[in-house]
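Turn this into a structure:
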Amino acid sequence: MYHMMSRGNRRGKIFLDDADRQDFLKTLAEACQKTGWQVHAYCLMPNHYHLVVETPEPNLVAGMAWLQSTYTIRLNHRTSSSTTCLAAGTNRNWSRAAAMATCEPPARLKAFRSQNPVVLGRLQGYIFRK
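Predicted coordinates:
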């Protein structure tokens, strides 16, 4: 089980509205079909997201690369942009976070991530699930 997170380039927004959040969740569902991942929890914030994911196969890197690049391409197409909202070419943020998952009990990770917007006082407009 892994805790994965990714932040927008320069901490910029990666979700501009509910349509972006729904598109990300659709893209995440496709990534799960391709990789066999099981999502146990997620939290979508304006400039980053958290996932608690179980990966039955050793495909974390390939799956994250597909998820990040596919979502960025779709967002750019929808907004007529050509920028990179997520760092698809680097894995610094989420690979460091994935290593933390081996030290934390899964229930604690889920509880912490689901409380992220509550702790920050930013509950409205965010989607999270346990």
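
any idea how far Thr27 is from the closest residue in space to Ile14 that isn't next to it in sequence?
Spatial nearest neighbour of Ile14, excluding adjacent residues (C-beta to C-beta, 6 or more residues apart in numbering): Gly8 at 4.2 Å. C-beta coordinates here come from the backbone N, C-alpha and C atoms, glycine included. To Thr27, Gly8 is 15 Å away according to C-beta to C-beta, to the nearest Å.

For the host helix or strand of Leu67, which helices and strands make contact with it?
Using DSSP states H and E, Leu67 maps to helix 60-79. Here helix 60-79 touches strand 2-7, helix 18-35, helix 92-100, going by 3 or more C-beta pairs under 8 Å, 6 or more residues apart in numbering; DSSP states H and E.

Show me what the longest one is in contact with.
Helix 18-35 is contacted from outside by 14-15, 37-39, 42, 44, 49, 51, 55, 57, 59, 62-63, 66-67, 70-71, 74-75, 78, 127, using C-beta atoms under 8 Å, 6 or more residues apart in numbering.
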